[in-house]
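1. My questions concern the predicted model and sequence given below.
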Amino acid sequence: AHRELETMANTDVLTGLPNRRFLLSRLEEEIAEADRFERPLAFALLDIDHFKRINDRYGHMAGDEVLRHVGRVILANLRRYDIAARFGGEEFAVAFPNTDRKAAEAVAARMREGLETETIEVSEAEVVRVTASFGLVERRPGEPVEEMIRRADEALYAAKNAGRNRVVCA
């Protein structure tokens, strides 16, 4: 029962992905590991493009289906040791342990393409396509988790400003 409660506390109910709290605690562990063994660590934030428009046009049930779909596409493209989470709202995060920016960028690109090419049934008569913008960074040696996330957020903002549906590395 205790383990079940712990799982619930660490999981986003809608997508089944780990939640922000879980990812942040895992990131602290991964950072300690990266520092100890001088290994790279990459991190990405991704945000569903025009999500509010989907919610407004098709309703919250459709929005929920889009969130679940995005979660599935992210999971389908993760490598065994990557850690994905729903970070809040329409934002997701992925930690890439022992991975440099270039390798993480290839995984993020697969996720972006996977989203772009699939359709989501939002009602019996309608399907939508969604895209996402990604901000990706490689952690700097000794960099605190908050700073790494802030840089990823800036890169995400740059991806949105550059026209969305892209991976921007910082």
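-> Perfect, I can see it now.

2. Tell me which stretches of this protein form helices.
-> 2-9, 20-37, 51-58, 60-77, 101-117, 145-161 (DSSP state H).

3. mind checking which of those is nearest Arg139?
-> helix 145-161 (4.9 Å; Cβ to Cβ). C-beta here means a position set from N, CA and C on the backbone, and glycine is covered the same way.

4. coming back round to it: between the helices of the chain, which gets nearest to Ala85?
-> Of the helices of the chain, nearest to Ala85 by Cβ to Cβ is helix 20-37, at 3.7 Å.

5. just checking, what packs against that closest one?
-> strand 41-48, strand 83-88, strand 91-97, helix 145-161 (3 or more Cβ pairs under 8 Å, 6 or more residues apart in numbering; DSSP states H and E).

6. Which stretch among the ones you listed approaches Thr15 most closely?
-> Closest among the helices and strands packed on helix 20-37, using Cβ to Cβ: strand 83-88, at 5.0 Å.

7. buried residues in that closest one?
-> Neighbour-count burial for strand 83-88 flags Ile83, Ala84, Ala85, Arg86, Phe87 (criterion: 16 or more other Cβ atoms under 10 Å).

8. Understood, closing this out.
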